[in-house]
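J.: sharing a model prediction with you, sequence too.
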Amino acid sequence: MFLLCVAVAQASSMTAAVDPHTLPVSTDLARRLQAHVRFLAGADLHGRKPGTEGNRRAADWLAARFREIGLEPLPSLGGYRQTLSGNLGDNLIGMRRASGRTESAPWILLAAHFDHLGGNYLGADDNASAVAILIETARALPPLARHHVLFVAFNAEEPPYIRTPLMGSQQFVDRLPKDIVDPSRIQAVLVMDLMGGVHWRPLQDRLFAAGAEASPGLYRRLKESRAFEVRSSKLEPRTPNLEPRTLTVLPLGMHLIEELPLIGHVSFSDYDAFRTAGVPFLFLSAGRTPRYHQPSDLPDTLHYERMAETVTWLQRLLPAVDEDKEPYRLETNRVELADDVATLRLLATQAAREDSEIPGTSFLSRSKLRADAQWLERLEPAMATADDISRLQRLSLRIQCLLADFPACFFL
């Protein structure tokens, strides 16, 4: 009887699991994204570890793609490469000049790191997925009217370089190219990391957006553009009856992502160097899956149509940001608690149900999620206390822990 109950519980849990191998790759854009990932996460590049031949080959390939799609190198660099100290290799940087202004135009940055752990850790989701989106967004985006756009593939983001002066994004900020002049000339930086993974069905066509809550102007643009439809007319003629797809971008405050029990604030990607320099930022991610930092993070485990939808969304978001003439300001302690609560209420409600729970959820975790879902239904964001915010942080971390299949999630 016990074994039967276990089998039933596992079957229920798997109803919410996504097998990425079954997801169609139907559009030309999705196929191009897939081809980029297959090269970057191919065994021949041996995981793109900084300072290795595989990392250098990835950099050469990126420089060729930048040239192919017509990006200009920064004059101060004399090419697409910013050489890093420590013999780690290069950041790759290409620009699209503003059409209406030249020397005095401010900058918008779209960025993703291209390195990974090396060896048999090939890093398809982390972070070939985001680099592929970077390339295709650069290909599709025409010159903006008011802002130069800088497309940056950072190196040396993974351990042991993350959160150190050797991190590629930190070196970029510390040795800012002369063309940019000063960090205050950067209107906003959009950083992408882990953009292709899919594991839990309720997240199949969703993306998380964090950090913009600290910049009212940027957050307004995010809110305006965070849900849209990609109509079936944009798909291949051979699939005319395919249902319209919808990408929903869910806001989630950085304070709910970075606050770790017993550790405190911990940054997770290239946005941190810009935040420290006072630059408004948006951090985009589909979130971790059980394949995070594992040899199983391979090109055939990604959701390429959602990645294609993300390119389409960025083509709407970046011109909207370009319309804003006044510089954005960064208020590092600012939160948008009502949106935080709405996002976590949605996730907790689905995660607490047996027919849509996160695969691998234990009885203890499910009990906590059900209690949290009931609590969130009663919570008024305007009346939230410090204890409420701490509970929101624990809930956010519990969900992230379950999505990545980290052990002992029930302790949170």
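T.: Ah, there it is.
J.: just the strands in the stretch 51-200 of the chain please.
T.: Per DSSP state E, counting those that start in this stretch, the stretch 51-200 of the chain carries strands over the ranges 81-83, 90-96, 107-113, 148-154, 186-192.
J.: so the third one versus strand 148-154, what angle?
T.: If I follow you right, that is strand 107-113. Using axes from the mean of the first three to the mean of the last three Cα atoms, to 10 degrees, the inter-axis angle of strand 107-113 relative to strand 148-154 is 20 degrees.
J.: now do strand 107-113: distance to the chain's middle.
T.: Averaging C-alpha positions (Cα atoms, centre = their mean, to the nearest Å) puts strand 107-113 12 Å from its chain's average.
J.: cool, the shortest one as well?
T.: Going by Cα atoms, centre = their mean, the spacing between the C-alpha centre of strand 81-83 and its chain's C-alpha centre is 23 Å.
J.: go on, stretch 382-394?
T.: Between the centre of stretch 382-394 and the centre of its chain there are 25 Å (Cα atoms, centre = their mean).
J.: beyond the helix or strand of the chain with the lowest mean pLDDT, next helix or strand please.
T.: Counting by mean pLDDT, DSSP states H and E, the chain has its least confident helix or strand at helix 2-14, which shows a mean of 38. Once the chain leaves helix 2-14, the next helix or strand it forms, by DSSP states H and E, is helix 28-40.
J.: dump that following helix to CSV, restricted to CA.
T.: C-alpha atoms of helix 28-40 as CSV (Å, rounded to 0.1, in the frame of the first residue of the first chain):
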residue,chain,number,x,y,z
ASP,A,28,13.0,30.2,-38.2
LEU,A,29,14.0,32.3,-35.2
ALA,A,30,13.8,29.4,-32.8
ARG,A,31,15.9,27.3,-35.1
ARG,A,32,18.6,30.0,-35.3
LEU,A,33,18.6,30.2,-31.5
GLN,A,34,19.0,26.5,-31.3
ALA,A,35,21.9,26.6,-33.8
HIS,A,36,23.7,29.2,-31.7
VAL,A,37,23.3,27.1,-28.5
ARG,A,38,24.4,23.9,-30.2
PHE,A,39,27.7,25.6,-31.2
LEU,A,40,28.4,27.3,-27.9
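J.: contacting residues for the most centrally placed residue in the chain?
T.: For the chain, the residue sitting closest to the mean C-alpha position, by Cα atoms, centre = their mean, is residue 285 at 2.3 Å. When contacts are counted by Cβ atoms under 8 Å, 6 or more residues apart in numbering, residue 285 touches 192, 193, 194, 195, 207, 208, 210, 269. The way it works is simple: take the backbone N, C-alpha and C, and place the C-beta from them, glycine included.
J.: quick one: contacts for residue 369?
T.: Going by Cβ under 8 Å, 6+ apart, residue 369 touches 348, 351, 352, 357, 361, 395, 398, 399.
J.: 10 Å - rerun?
T.: With contact taken as Cβ atoms under 10 Å, 6 or more residues apart in numbering, residue 369 is in contact with 347-353, 357-358, 361, 395, 398-399, 402, 409-410.
J.: what of residue 154?
T.: Residue 154 makes contact with 82, 84, 90-93, 111-115, 127, 131, 167-172, 191, 269-270, 273, according to Cβ under 10 Å, 6+ apart.
J.: tell me what it is bridged to.
T.: Counting by DSSP bridges, residue 154 is bridged to residue 113.
J.: neighbours around residue 373, how many?
T.: Using other Cβ atoms under 10 Å, residue 373 has 20 other residues around it.
J.: hang on, I meant residue 80
T.: When neighbours are defined as other Cβ under 10 Å, residue 80 has 24 of them.
J.: find the nearest non-adjacent residue to it, please.
T.: Spatially, and ignoring its direct neighbours in sequence, residue 80 is nearest to residue 63 (4.6 Å; Cβ to Cβ, 6 or more residues apart in numbering).
J.: surely the one you found touches residue 82?
T.: No: judged on Cβ atoms under 10 Å, residue 63 makes no contact with residue 82 at a distance of 11.6 Å.
J.: list residues touching both of those two?
T.: 90, 92, 93.
J.: do a quick rundown of the helices in the stretch 101-250 of the chain.
T.: For the stretch 101-250 of the chain, the helices defined by DSSP state H, counting those that start in this stretch cover 129-140, 168-174, 216-225.
J.: what stretches of this protein score poorly on pLDDT?
T.: Applying pLDDT under 70 to the chain flags residues 1-15, 101, 227-245, 260-264, 408-412.
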